[in-house]
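**Q** Using only what follows, build the 3D model:
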Amino acid sequence: MHQSIPATNEIALVRSGSKRTLLQVLKDARERIQVNDDELDEARRRRDLLAGTLKSEFGADSRTYVNGSIAHGDALTPLTDIDLGVVVPNSDGSYGPYGRGPAELQERAAAAIRTAHKEEFPNLRVFVGGRKRSVYVSFGDPVDPNVADFSADVIVALDCWTGSGLWIPHYDNWDRSDPESHTGLVRDAAKRSEYNYSRTVRLLKHWARRHSKPLCSWNIKALGLDSLTDSMNQLDGMLAWFDYAIGDLSWRETPDPADVAGAISIPGDRAELVTKLSKARDKLADAISFEKDGYHVLAVEALASFFNDKDMLPPPETKAVTAQQLQRTADMRAARTSRVTVGDRPQTRNRTPTRSWAP
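**A** You can find the predicted model right below:
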């Protein structure tokens, strides 16, 4: 069982003399990994360009949808891709699991994108085939100058006539999923939590990115739908997410929140994932406890160790960490000594001397 950690809203920095709380440190770190408005605007513009092209290609009865980090409000910098889909009319059932595969529709989408956008993006390349789900669009022109390219994953989908959701490509066949509902669920969670959900998910995605991606972004978001429902701050939010994720993944893979597709797969062993999450949770809990006890330098050092990214959250100087570790050790020793009072010592009775024999 995990040790209960108090809410962090009113934790003061007693010994550091600093006016910056751990929450302020975390806010600064979060702002370093979020995408700037210019990048977002350009990414959305390109997404809208592709959506318009797909709509024109597949007709008035088709519809497009958005998915992924930009649509969900949790994109990280550097921004490298967008996600969107087009739902193609299929009234005669020509396509689908009992009809033709997705290749023909994907080729149509790819050809339309090449024709419509090659002039604006001379280095545009569009790939079909050999991919699990998407038509891959490489713009050959990044929105972030620090990366080499910007891309789009385009899904060609069909309405599922046997239930809710869509049929989406799975190589040469089709899988059932519901990306439209997924986006709706995420956006609702963000609003209900006063956007703590989105901010916390962004931090958790960055943690995963710095720790070999032990679970995918969608799994992080799906677990957050049940654990990030309140308007808590991001320290408490991350702790709540870890507690929920550890408990849930201890006995199952995460179910599809839309109850359409199968469970969300994880890239490795589930028991090993739970162990990794538990260790990360303990580092986060240490940071919160250190601040509660007034050891701000140790709190920041623990939080920096948790994220493992010096550019996002630089750790304190080693000298300052060592000094506060020594101070904490001295404080703990003094506290133990002060607990040993007269009342704690073994008690003895007053004895009246007696003879061991009678005259």
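**Q** Need the mean per-residue confidence for the stretch of helix or strand I168 belongs to.
**A** Assigned by DSSP states H and E, I168 belongs to strand 166-170. The pLDDT scores in strand 166-170 average 98.
**Q** Buried residues in that strand, which are they?
**A** Using 16 or more other Cβ atoms under 10 Å as the test for burial, strand 166-170 gives L166, W167, I168, P169. Any C-beta I mention is one placed from the backbone N, CA and C, and that applies to glycine too.
**Q** Nearest to E39 among the residues you listed?
**A** I168 (27.3 Å; Cβ to Cβ).
**Q** before we move on, back to that, show me the two of the buried residues of strand 166-170 that sit farthest apart.
**A** L166 and P169 (10.4 Å).
**Q** who touches both of the two?
**A** Between them, L166 and P169 share these contacting residues under Cβ atoms under 8 Å, 6 or more residues apart in numbering: A157.
**Q** pLDDT below threshold where in the stretch 1-150 of the chain?
**A** 1-19 (pLDDT under 70).
**Q** all helices in it, in order from the N-terminus.
**A** Here the stretch 1-150 of the chain has its helices, by DSSP state H, counting those that start in this stretch, at 22-33, 37-58, 68-72, 103-117.
**Q** mind putting the ones you listed in TSV, distance to T80 and mean neighbour count included?
**A** Formatted as TSV, these follow (distance: least, Cβ to Cβ, whole Å; neighbours: other Cβ atoms under 10 Å):
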stretch	distance to T80	mean neighbour count
helix 22-33	13	17
helix 37-58	9	16
helix 68-72	10	21
helix 103-117	18	18
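**Q** got CSV for those, with distance to T337 too?
**A** Putting the helices of the stretch 1-150 of the chain into CSV (distance: least, Cβ to Cβ, whole Å) gives the following:
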stretch, distance to T337
helix 22-33, 29
helix 37-58, 56
helix 68-72, 53
helix 103-117, 73
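**Q** For A152, which of these is the nearest?
**A** Closest among those, using Cβ to Cβ: helix 37-58, at 5.9 Å.
**Q** just checking, what packs against that closest one?
**A** Secondary structure elements in contact with helix 37-58, counted by 3 or more Cβ pairs under 8 Å, 6 or more residues apart in numbering; DSSP states H and E, are strand 63-67, helix 68-72, strand 81-87, helix 103-117, strand 151-159.
**Q** nearest spatial neighbour of P316, skipping sequence neighbours?
**A** V297 (4.9 Å; Cβ to Cβ, 6 or more residues apart in numbering).
**Q** Measure how far the host helix or strand of that neighbour is from the centre of its chain, please.
**A** With secondary structure defined by DSSP H and E, V297 is part of helix 296-307. Remark: helix 296-307 is offset 19 Å from the chain centroid, using Cα atoms, centre = their mean, to the nearest Å.
**Q** ok, then the element right after it?
**A** helix 318-339.
**Q** Next, the angle helix 296-307 makes with that following helix.
**A** If you take axes from the mean of the first three to the mean of the last three Cα atoms, to 10 degrees, helix 318-339 sits at 120 degrees to helix 296-307.
**Q** Now do helix 318-339: everything it contacts.
**A** Contacts of helix 318-339 (Cβ under 8 Å, 6+ apart): R15, D293, Y295, H296, V297, L298, E301, P315.
**Q** if you set the cut-off to 10 Å instead, what comes out?
**A** Residues from elsewhere that reach helix 318-339, judged by Cβ atoms under 10 Å, 6 or more residues apart in numbering: 15-16, 290, 293-302, 304, 315-317.
**Q** list the contacts for K221?
**A** Counting by Cβ under 10 Å, 6+ apart, K221 has contacts 69, 72, 74, 182, 185-186, 189, 197-198, 201, 204-205, 228, 254, 257, 264.
**Q** does it sit in a helix or strand, and which one?
**A** K221 belongs to helix 217-227, assigned by DSSP H and E.
**Q** so that helix versus strand 63-67, what angle?
**A** Using the same axes, to 10 degrees: helix 217-227 against strand 63-67 is 80 degrees.
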